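Asker: Make a model of this:
(chains A and B)
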Amino acid sequence: MRRVHDFHGGIHPAENKHQSLQQPIRSAGIPPQLILPLSQHIGAPARAVVAVGERVLKGQLIAEPGGHVSVPLHAPTSGVVSAIEDRPIPHPSGFPAPCIVIDSDQEDRWAPVQGVANYLDCEATELLELIRAAGIAGMGGAGFPTAVKLAGKPGRAVKTLIINGTECEPYITADDSLMRERATDIVEGIAILQHILQPEDILLGLEDNKPEAIAALRAATTGRAIEVVTFPTKYPSGGEKQLIEILTGQQVPSGGLPGDIGIVCQNVGTAVAVRDAICHGRPLLSRITTVTGDAVEAPQNFEVLLGTPMQYLLELAGLHPERCERLVMGGPMMGFTVTTAQAPVVKTTNCILAPTAAELPPPPPAQPCIRCGLCAEACPASLLPQQLFWFAQGKEFEKLEQHNLFDCIECGACSWVCPSHIPLVQYYRASKADILEQRREHTKSEQARQRFEARQARLAQEEEEREAKRAARKAAAEKRAELAAQGGAEDPIQAAIERAKAKKAAQQDGQPVAASVSPEAALRQKLAKAEQRLAQSLASGEDAKIVSALQASVERLKGKLAEAESAETASGAT
Amino acid sequence: MPSWIADYPLLAALLALVGLGAPFGALLGFAAVRFRTEGNPIADEINAILPQTQCGQCGFPGCRPYAEAIAGGEAINKCPPGGESTIQALADLLDVEAPPLDEEHGEEKVKAVAYIREDECIGCTKCIQACPVDAILGAAKQMHTVIASECTGCDLCVEPCPVDCIDMIPQPESLQTWHWHMPAQRSSNLEIIATDATPAERAA
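Answerer: Sure, this is the predicted structure:
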């Protein structure tokens, strides 16, 4: 039995998990229309590779990755691409984003897919490429591209692979039901991850409030080098850094990644997606989503195609719209309110919560901080929330960074315990965003400064060149004037006259001047040109007047030429 | 020697002090020459805080000259593009009180990017000459266009355009620029006292 550790702080909110565990996972079927946002993951949005009106098959690539940290997107069912446009997406801002809309044909015809016969024969890089091509992004909620996470930093060995089945947030049971019903799939997925990473230990961590899942996993992992570790239920033990501390006793350094201490964490849902991609060649097309809350008749877990509108799913679960006060994606602690039920289920939608007003009442007005210190006791990252709150109000960004604001995992434990009902997490989120924006603006202003300075330098150089030319001209003029002053004979006009005289004398001596051409040859050239022009105008059938004028000029030139020739023979004779 | 010191204590003290002072003074003097800082470091730090729009709204020909003027004692509230946050940062740096923005030099506006209505552009290159960061592309009698990612939104190109075909388009908040905002301040809630009725009760 492995010794489990504890992490600082944490809270015990009402779990509310039993409601959605009454029934097994149910398939949500194929909705008439699927809306697939191009950005369902962390990183660059995918780029659509289909056109409106195109027929697509289930599993067909519809968008390619937009960069290294990005994943592709596949059609979750067969149908026709009816639009590529901005649609509402599940995002706290409520802004629409580019989506591919597919009208399903209800036939669910697969594109040809081919799994790997034996993954043990494959290189790790090959398998990573397959995982990337399958569009898998972390299914736990953050949505970081799995292939990038697994590849890690080159030259750094993975000591421990941790599979996260904690699911500590209230209401959510998607991973729990997955572990109960598909434990063997999870174990197969873990075996593939093991082959890729070659870790020394594999730990599957989950809280002790999931006895059925623990039993199923224990049964599925017998005879394998996977250790199922259970630990007492506490929120937020499912946070990556908290889980690592629970299972290994090690802390991820501030500002670092688990990879820095030789650990990789993956969600159980991700393990199943990896197994589907490698063993069956199936890209990520669906996920398990919990639909729960007092406003739905039958809270339960659905296996739902990505892109299914939340409205469709809520209706399947029997939503009472009059009772539903708001709609939350994710859990009550870390989730956010979605502005419309038309928003689709995406790769990171682990839960749709439709609470009544009594269940999740709007927070009471915030009161002043009384410095009770409960938040510091609850903080799982060992931060000082009340200090951070103080600095956030004063916008003292430097102090916030000194107090490790960026280690805050936004779990909401501090807000939950606050007797003054201060929305602390909201302050931290806003401050983080402000700091990041300030950094972005600073790099931009730095760029503007460099461009401005480059321009100033260029203008100065141009001015300098002009100045140099002006100085040169001035110097030349002065020199000429000086020469003129020295001796009258050197007068420039006189010099020019002298040059002309010399030239004339040379000509009279019969020496040909290099530059000049004999008048006869010049006439010949002119004549040739005129004849050409005449021929052209005759060929193109121009006006009779022009033709006659051209003919006259040709005649005139011929006459002149004959004259010149006779003059030459005459001069030659003398 | 000791007797000589004992005879003239005043002279001895003077000698000792001069003997200490002269070498240390020489050392300091040498260090001042050897480790001289080029330029004005305070002006550099101030310049790093200014938004580098080079708009000249402060009355100085660019951010650098204004930074040097601030280092020389100029007021820190003359930069409208920087707004309150820049004034705050400057006040922190210089350890002075942060005054409100001087309205005389303009007001803080939403960040905008210049846009040239291209079918109206006559290709006069006047805006290109005005742009302090070379963010406008074009040539004589050719249509001009703004490189949006380099534009600082300084407005300097708008004035010289003879056909008024340049618009300053404010940048709307988009999915990429959106971020969480601070919660609403408590001031409205401060009026609530224990005996206040809820809206429903008041209606009844």
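
Asker: CA atoms for contacts and neighbours, from now on please.
Answerer: Will do.

Asker: Endpoint to endpoint, stretch A:128-143 covers what distance?
Answerer: 17 Å (Cα to Cα, to the nearest Å).

Asker: do stretch B:114-131 as well
Answerer: End to end - Cα to Cα - stretch B:114-131 spans 11 Å.

Asker: Can you list the buried residues in it?
Answerer: Along stretch B:114-131, these residues count as buried under the neighbour rule (16 or more other Cα atoms under 10 Å in any protein chain shown): B:A114, B:Y115, B:I116, B:C121, B:I122, B:G123, B:C124, B:T125, B:C127, B:I128, B:A130, B:C131.

Asker: Give me the residues contacting it.
Answerer: B:134-146, B:148, B:151, B:153, B:155-158, B:160-161, B:163, B:165-169 (Cα atoms under 8 Å, 6 or more residues apart in numbering or on different chains).

Asker: In PyMOL, select just the buried ones from those.
Answerer: Selection command for PyMOL covering only the buried members of those, criterion 16+ other Cα under 10 Å:
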select buried, chain B and resi 134+135+136+143+144+145+146+151+153+155+156+157+158+160+161+166+168
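
Asker: which ones among the contacts of stretch B:114-131 come in contact with chain A?
Answerer: Within the set of these, contact with chain A (Cα under 8 Å from any Cα of the partner chain) is found for B:D134.

Asker: Regarding stretch A:484-498, how distant is the last residue from the first?
Answerer: Termini of stretch A:484-498 sit 15 Å apart (Cα to Cα).

Asker: Let me know the average pLDDT across it.
Answerer: The predicted model gives stretch A:484-498 an average pLDDT of 70.

Asker: which bits of chain A sit near chain B?
Answerer: So chain A meets chain B at A:93, A:95-97, A:365-367, A:423, A:426-427, A:429-431, A:433, A:442, A:445-446, A:448-449, A:451-452, A:455 (Cα under 8 Å from any Cα).

Asker: Quick one: buried ones out of those residues?
Answerer: Counted by 16+ other Cα under 10 Å, these give A:93, A:95-97, A:366, A:423, A:426-427, A:429-431, A:433, A:442, A:445-446, A:448-449, A:451-452, A:455 as buried.

Asker: Next step: those restricted to helices.
Answerer: Secondary structure from DSSP state H places A:426-427, A:429-431, A:433, A:442, A:445-446, A:448-449, A:451-452, A:455 of those in helices.

Asker: mind giving me JSON lines with the residues you listed and columns for pLDDT?
Answerer: Formatted as JSON lines, those follow (pLDDT from 0 to 100):
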{"residue": "A:Q426", "pLDDT": "91"}
{"residue": "A:Y427", "pLDDT": "93"}
{"residue": "A:R429", "pLDDT": "92"}
{"residue": "A:A430", "pLDDT": "92"}
{"residue": "A:S431", "pLDDT": "93"}
{"residue": "A:A433", "pLDDT": "91"}
{"residue": "A:H442", "pLDDT": "89"}
{"residue": "A:S445", "pLDDT": "89"}
{"residue": "A:E446", "pLDDT": "90"}
{"residue": "A:A448", "pLDDT": "90"}
{"residue": "A:R449", "pLDDT": "89"}
{"residue": "A:R451", "pLDDT": "90"}
{"residue": "A:F452", "pLDDT": "90"}
{"residue": "A:R455", "pLDDT": "91"}
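
Asker: Tell me the one among those nearest to B:P61.
Answerer: A:F452 (11.5 Å; Cα to Cα).

Asker: so how many other residues sit close to A:S566?
Answerer: A:S566 has 12 neighbours, counted by other Cα atoms under 10 Å in any protein chain shown.

Asker: Now do the SS call for A:V148.
Answerer: Under DSSP: H, G, I helix; E, B strand; the rest coil, A:V148 falls in the helix class.

Asker: how much space between it and chain B?
Answerer: Per Cα to the nearest Cα, to the nearest Å, A:V148 is found 22 Å from chain B.

Asker: tell me the domain boundaries of the chain?
Answerer: No chain specified, so I'll use chain A. Segmentation of chain A into domains, based on automatic domain parsing, reads A:18-353, A:372-505, A:518-566.

Asker: The intended chain is chain B.
Answerer: B:2-34, B:41-105, B:110-174.

Asker: Turn the ones you listed into CSV, columns for mean pLDDT.
Answerer: Shown next, in CSV, are these (pLDDT from 0 to 100):
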stretch, mean pLDDT
domain B:2-34, 90
domain B:41-105, 87
domain B:110-174, 89
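
Asker: Which one, of these, ends up nearest to A:E207?
Answerer: domain B:110-174 (39.4 Å).

Asker: in chain A, which residue is closest to the centre?
Answerer: By Cα atoms, centre = their mean, chain A has its centre lying nearest to A:A44, at 1.4 Å.
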